[in-house]
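1. Got a sequence here, can you model it:
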Amino acid sequence: MDDSGVPVPGPEVREALERLLLDGPRRYTRRQVAEMAGMPPQRTQRLWRALGFPDAADDDPVFTDADIHALGAVSDLIRSGFVDEDAEASIARAMGQALSRLADWQADMLADALTRAGEDGQRRAASPEEAVAVASAMLPRLLEIQSYVWLRHLAANADRLLSAPGSGDRRELAVGFADLVGYTSRSRGMGGRELGAMVEDFESTAAEVIARHHGRVVKTVGDGVLFTAASATAAADIGLALPDVWARPDRPPLRVGAAYGTVLTRYGDVYSPVVNLASRLTSLARPGALLVDRDLADRLRAVGGYRVRPLRRVSVRGYEHLQPWLARRPRTTDDQQPDDADYDEDSFDAHDDGEDVGL
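-> Numbering: from 1, shown residues only. A predicted model of the protein is given here:
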């Protein structure tokens, strides 16, 4: 059992699961895999590291037939012209980072399934046979769901590429950060379960709001989320809705910054000075507020309906005279609140616990 009294499956269960998950036993060394796949050992090691796995000793038999098959698939993609050999490690790294996180929570789900309570109400560890049966029933369903979600996202991106032929990986996008204010100081007093619940609530809330307003979550790291949107209005709707939806007395407040411009989209991530600008604006924003750059503010004013106004220029790292713009919701006929009455434009001091915003 572990420290909390939960029964832990023995090593024989791990061996049985590995055989199932890896489609066979570990039997080949790194050099044997390279030779059988027809690749130089240095290249297979580079790909292995890019996928996020630790190095294996030259004489350590840790690889399986599935590894050889996967390397063969990579070679086929390169020979077919779909993938450039210089880009294979970058592709492997992007896939490894995305799927590693997915595997983390799936492993937790599987571990819980292997220690369920029996008829007497007591939790017990599964036998190797039971573990294989549970995993064999669960994995096809997970693979089916993963394939569906992947294809839907691929279809959405295919539509984007077909609508802008020749645009490559440079696009005009709005980039935004949403950041929990005072996360570090608050998290120090939390237990692991409480902190995990708050992070899960934040990520699920952010994902729901961003998707609802036609944005895309690029990545999340505990206290923050980086998102993109194809239009200024979509970014503003996300930035204005997120703090309100998240707001609750037992939660730290949320602040948002967004900027608009040309970004490089590469392997699921985004790169541009626009990303840095959005980060700096977020670090300046007061709890519950959305700050945007001039380009995004101009686009909102051109659309009409949104309330934007410039605030005092401020110097932050990388920007000596940054001009933030405060964005507010469209005015409604029953709106009795004076314009921006709750925001002090001169309060650009260092925020909360001095955390820098960035993912």
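2. CA atoms for contacts and neighbours, from now on please.
-> Fine.
3. what's the burial count for residue 188?
-> 10 (other C-alpha atoms under 10 Å).
4. who are the neighbours in contact with it?
-> With contacts taken as C-alpha atoms under 8 Å, 6 or more residues apart in numbering, residue 188 has no neighbouring residues.
5. now swap in residue 20 and tell me
-> residue 132.
6. ok, now residue 277?
-> Going by C-alpha under 8 Å, 6+ apart, residue 277 touches 258, 259, 293.
7. If you rank those by neighbours, which is first?
-> Of all the contacts of residue 277, the most densely surrounded is residue 258 (35 neighbours; neighbours counted as other C-alpha under 10 Å).
8. gap between that one and residue 65?
-> Plainly put, residue 258 is 47 Å away from residue 65 if you go by C-alpha to C-alpha, to the nearest Å.
9. How about residue 59?
-> From residue 59 across to residue 65, the span is 17 Å (C-alpha to C-alpha).
10. Compare the two (neighbour count), which wins?
-> residue 65 (16 against 11).
11. Helices along the stretch 201-350 of the chain, start to end?
-> Taking DSSP state H, counting those that start in this stretch as the test, the helices found in the stretch 201-350 of the chain are 232-246, 273-284, 294-303.
12. and the first one, how far from the chain's centre?
-> When you say that, I think you mean helix 232-246. Helix 232-246 sits 18 Å away from the centroid of its parent chain (C-alpha atoms, centre = their mean, to the nearest Å).
13. contacting residues around that helix?
-> Contact with helix 232-246 is made by 174-176, 178, 202, 205-206, 209-210, 213-215, 228-229, 253-258, 260, 288-290, 296, 299-300, 327-329, as judged by C-alpha under 8 Å, 6+ apart.
14. what does stretch 63-72 give?
-> Contacts with stretch 63-72, where a contact means C-alpha under 8 Å, 6+ apart, come from 22-30, 33-34, 36-37, 44.
15. Drop anything exposed from the residues you listed.
-> 25, 26, 28, 29, 30, 33, 34, 37, 44 (16 or more other C-alpha atoms under 10 Å).
16. The second one sits in which helix or strand?
-> According to DSSP states H and E, residue 26 maps onto no helix or strand at all.
17. State the distance from it to residue 94.
-> Distance, residue 26 to residue 94, using C-alpha to C-alpha: 25 Å.
18. do the first one as well
-> In this structure, residue 25 and residue 94 are separated by 27 Å, where distance is defined by C-alpha to C-alpha.
19. Low-confidence bits of the stretch 51-200 of the chain, can you list those?
-> 116-124, 157-168 (pLDDT under 70).
20. beta partners of the residue nearest the centre of the chain?
-> Nearest residue to the geometric centre of the chain (C-alpha atoms, centre = their mean): residue 219, 2.6 Å. On the basis of DSSP bridges, residue 219 is bridged to residue 226.
21. With residue 314 instead?
-> Beta bridges link residue 314 to residue 322, judged by DSSP bridges.
22. Does it touch residue 325 like I think?
-> No. Residue 314 lies out of contact with residue 325 (C-alpha atoms under 8 Å); the separation is 11.5 Å.
23. of these two, who's got more company?
-> Between residue 314 and residue 325, residue 325 has the larger neighbour count (other C-alpha under 10 Å), namely 27 against 15.
24. dump the residue contacts of the more buried one.
-> 291, 292, 293, 294, 297, 308, 309, 310, 311.
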